[in-house]
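[1] this is the structure alone, sequence omitted:
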């Protein structure tokens, strides 16, 4: 049987099979049925048709996204490129998403032309840039550094370029940590933590940012200093790095214990504030919630035999107190942030060691509530009397495992 002809007539069958995974397809499939579209050929024709309703053409984009495993890209990409050129903005955005999901190299040059067109809509440019990342095309990379460093460019496009593309020279990231735009400082810190295996020369800049840069980006939803902690901790852990049998370093974990709304929880709160038109002010905390470094040191010494308060690479701006503990076969680094509220934990070992420390801290702290943030995920409220297994179950529940 001719595979292409068979696939052409199987559109409705493919949609029916995909409905169990993509429930939104029911509405899109109904729209196709109302217009008598039963084959892939008819779907592509509707997508090309500039006189077709935008809702129908948008439906065609989302059907192609959902059926990407069934789609013949050689036939699907040309009508998507036509929609990219001729449609209204919402349709063009959906066409960009579809092109990225289908992963066609033919889309790279049209998308790159859109990315570099300063007269084009900012959202279209940012979305096209994100799509280029999905296509993993090195052709795009030479165009991005000038965008990132061009002060005349739209902030969203610059931030999107910095978020999704790498690598820049490490000196560029260090330079960006001093950029006036908080979004660029944020994404520079993200990039340093995410992709650099050796970022030690950025330590001083990260220490400054993690300590003092409690500013919100314009386009993102948590603070620059909190984002910088991951990269800073990556460097602090270097002396304790462990390797597997193949010589590959184990990944590290970083967590934050805080009475504040942080990371994802802060994002939810901030969006609610904006929706209600309320001032963007952090929920206040009483001074009694601040931790005395002298008190914490005494408690640590009382509980953890062999503790050290002199890590090989201290971060004097970020932390009022730093410590190193050998716990359950893991090396656990800790630090009391200079804000007096946040405790940062990092380890190359099993996360259970961090859970155990967090529960010990819960047992001596009078502050309520107290959250455990497994990096940028939603916080877990640390309850008195919780077990390590309960914390682990709560963390795994955040990932739907």
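    That came through fine. Computed from a prediction, not measured in an experiment: that's the story for all the values here. Residues are numbered from 1 along each chain as shown.

[2] what residues go with each domain of this structure?
    166-236, 255-398 (automatic domain parsing).

[3] out of these, which is closest to residue 53?
    For residue 53, the closest of the domains of the chain is domain 255-398, at 30.6 Å, according to Cβ to Cβ. C-beta here means a position set from N, CA and C on the backbone, and glycine is covered the same way.

[4] how long is that closest one from one end to the other?
    Terminal residues of domain 255-398 are spaced 14 Å apart (Cα to Cα, to the nearest Å).

[5] now stretch 305-321
    First residue to last in stretch 305-321 (Cα to Cα) measures 17 Å.

[6] give me the contact list for it.
    Stretch 305-321 has contacts (Cβ atoms under 8 Å, 6 or more residues apart in numbering) with 203, 207-208, 210-212, 229, 232, 235-236, 238-239, 293, 296-297, 300-301, 322-326, 333, 335-338, 340, 344.

[7] so which residues of the stretch 301-401 of the chain form helices?
    Ranges of helices in the stretch 301-401 of the chain, per DSSP state H, counting those that start in this stretch, are 352-364, 388-398.

[8] which of the domains of the chain has the highest mean neighbour count?
    Per-stretch averages of neighbours, counted by mean count of other Cβ atoms under 10 Å, single out domain 166-236 among the domains of the chain, with a mean of 20.

[9] how distant is it from the center of its chain?
    The chain centre lies 14 Å from the centre of domain 166-236; the measure is Cα atoms, centre = their mean, to the nearest Å.

[10] tell me the average confidence for that domain?
    Taken as a whole, domain 166-236 carries a mean pLDDT of 92.

[11] how much space separates the residue lying closest to residue 120 once chain neighbours are set aside from residue 131?
    In space, and not counting its chain neighbours, residue 120 is closest to residue 114: 5.6 Å by Cβ to Cβ, 6 or more residues apart in numbering. For residue 114, the distance to residue 131 (Cβ to Cβ, to the nearest Å) stands at 9 Å.

[12] between these two, who's got more neighbours?
    The residue with more neighbours, out of residue 114 and residue 131, is residue 131; 25 against 21, by other Cβ atoms under 10 Å.

[13] from memory that one sits against residue 99, does it?
    Yes: shown here, residue 131 and residue 99 form a contact pair, counting by Cβ atoms under 8 Å, at 5.9 Å.

[14] quickly list what's touching both of those two.
    Shared contacts of residue 131 and residue 99, counting by Cβ under 8 Å, 6+ apart, come down to 107, 111.

[15] mind listing what residue 325 touches?
    Contacts for residue 325 (Cβ under 8 Å, 6+ apart) come out as 304, 306-307, 331-332, 334, 357.

[16] show me which of the residues you listed is closest to residue 118.
    The nearest one, if we look at the contacts of residue 325 relative to residue 118 and count by Cβ to Cβ, is residue 334, at 47.2 Å.

[17] the closest one and residue 323 touch, don't they?
    Yes: taking Cβ under 8 Å as the contact criterion, residue 334 and residue 323 are neighbours in contact, 4.9 Å apart.

[18] all helices of the stretch 51-200 of the chain, in order?
    54-66, 73-86, 89-102, 108-115, 122-135, 141-149, 155-164, 170-176, 182-195.

[19] and the ones you listed as TSV, adding distance to residue 273?
    TSV is the format used below for those (distance: least, Cβ to Cβ, whole Å):
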stretch	distance to residue 273
helix 54-66	31
helix 73-86	36
helix 89-102	27
helix 108-115	32
helix 122-135	23
helix 141-149	30
helix 155-164	21
helix 170-176	28
helix 182-195	18
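
[20] what's the closest of these to residue 267?
    Relative to residue 267, the nearest member of the helices of the stretch 51-200 of the chain by Cβ to Cβ is helix 182-195, separated by 12.9 Å.

[21] elements contacting that closest one?
    On a contact count with 3 or more Cβ pairs under 8 Å, 6 or more residues apart in numbering; DSSP states H and E, helix 182-195 meets helix 155-164, helix 170-176, helix 203-212, helix 224-236.

[22] in a markdown table: the ones you listed, plus distance to residue 186.
    Below are those laid out as a markdown table (distance: least, Cβ to Cβ, whole Å):
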| stretch | distance to residue 186 |
| --- | --- |
| helix 155-164 | 8 |
| helix 170-176 | 10 |
| helix 203-212 | 9 |
| helix 224-236 | 5 |
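
[23] residue 386: which of those is closest?
    Checked against Cβ to Cβ, the stretch from the helices and strands packed on helix 182-195 lying closest is helix 224-236, at 23.8 Å.

[24] and the next helix or strand past the closest one?
    For helix 224-236, the following helix or strand on the C-terminal side (DSSP states H and E) is strand 253-258.

[25] so how far is that next one from its chain's centroid?
    Taking Cα atoms, centre = their mean, one finds the center of strand 253-258 at 16 Å from the center of the full chain.
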